[in-house]
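J.: fold the following and give me the result.
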Amino acid sequence: MPFSDDPEPIFFDDFTSPELDRSKWNVEITGQIHNNEQQAYIDSPETIYLQQGTDAANGVLVIQPRYRRCVSPQGDTFDFVSGRIHTRGKFQFTYGSASARIRLPAGDGLWPAFWMLGADGHWPGCGELDIMECVGEPDWSSVAVHGPGYSGETPLVNKKYFLKPVDVTQWHIYSLDWTSEDLTFRIDGE
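T.: Numbers count the residues shown, from 1 in each chain. Model (predicted):
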């Protein structure tokens, strides 16, 4: 439940278009490698595509990793390709609610995330709010706040453990309410 009484969204995408709306989203191509990632990000319908949802009102964004050898423009070799999108330079806000309905895969080596980065983009000084991060284990996801002097496994990280038969491979709504005084992270309203 958002903290605001104003239901008017300032950014929304239900992915019902035939393809990713490039006026809202940037597709990242592998350049500098972060976190020892072992996949190349490519701009391809092989890794980023839209599907019809289970009801006519909503579509589904699919970011699909693939086992395929790839050499980046910088000459780095990868065994996997995947997709990565962001709104840098297209959308930013201070205070409000952010939420997404997400179904995650489970599997070793996977690291899906839904997060916000400060406008200047120089990490960790710009700050990072992880609304959902999962390292491939089906029974938990995490939230975190990162910034100068507090990144990685700090007291500002919290994990949500799911009780069977619920796990990350089912649809969940991951959200953050951000005010000048606090951050409230939720999964399915909890």
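J.: residues touching the residue nearest the centre of the chain, list them.
T.: Among the residues of the chain, the one closest to the centroid is F114, at 2.1 Å (Cα atoms, centre = their mean). Neighbour list for F114: A100, I102, D130, I131, M132, E133, Y174 [criterion: Cβ atoms under 8 Å, 6 or more residues apart in numbering]. Where C-beta positions appear, they are placed from N, C-alpha and C, glycine not excepted.
J.: is it in a helix, a strand, or coil?
T.: On the three-state scheme (DSSP: H, G, I helix; E, B strand; the rest coil), F114 is labelled strand.
J.: what pairs with it across the strands?
T.: M132 (DSSP bridges).
J.: show the buried residues in the contacts of F114.
T.: For the contacts of F114, a neighbour count by 16 or more other Cβ atoms under 10 Å gives the buried set as I102, D130, I131, M132, E133, Y174.
J.: would you format these as TSV with distance to T184 and pLDDT included?
T.: Converted to TSV, those look like this (distance: Cβ to Cβ, whole Å; pLDDT from 0 to 100):
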residue	distance to T184	pLDDT
I102	18	95
D130	14	95
I131	11	96
M132	14	96
E133	17	94
Y174	12	97
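J.: and which of the residues you listed is nearest T77?
T.: Taking Cβ to Cβ as the measure, T77 lies nearest E133 of the buried ones among the contacts of F114, at 26.4 Å.
J.: pretty sure the closest one sits against W140.
T.: No - contact between E133 and W140 fails when scored by Cβ atoms under 8 Å: they sit 10.2 Å apart.
J.: which non-adjacent residue is nearest N58?
T.: For N58, ignoring the flanking residues on the chain, the nearest one in space by Cβ to Cβ, 6 or more residues apart in numbering is D14 at 4.8 Å.
J.: repeat for Y49
T.: Nearest in space to Y49, with sequence neighbours left out and distances taken as Cβ to Cβ, 6+ apart, is V62 at 5.3 Å.
J.: which residues touch the strand or helix carrying that neighbour?
T.: Here V62, judged by DSSP states H and E, is contained in strand 59-63. Outside strand 59-63, the residues that touch it by Cβ under 8 Å, 6+ apart are 13-17, 20, 47-53, 82-85, 112.
J.: which of those residues fall in strands?
T.: Assigned to strands by DSSP state E, the following of the contacts of strand 59-63 qualify: I48, Y49, L50, Q51, Q52, S82, I85.
J.: and the least confident of those?
T.: By pLDDT, Q52 ranks lowest within the ones in strands among the contacts of strand 59-63, coming in at 86.
J.: which ones are touching that residue?
T.: Going by Cβ under 8 Å, 6+ apart, Q52 touches G59, V60.
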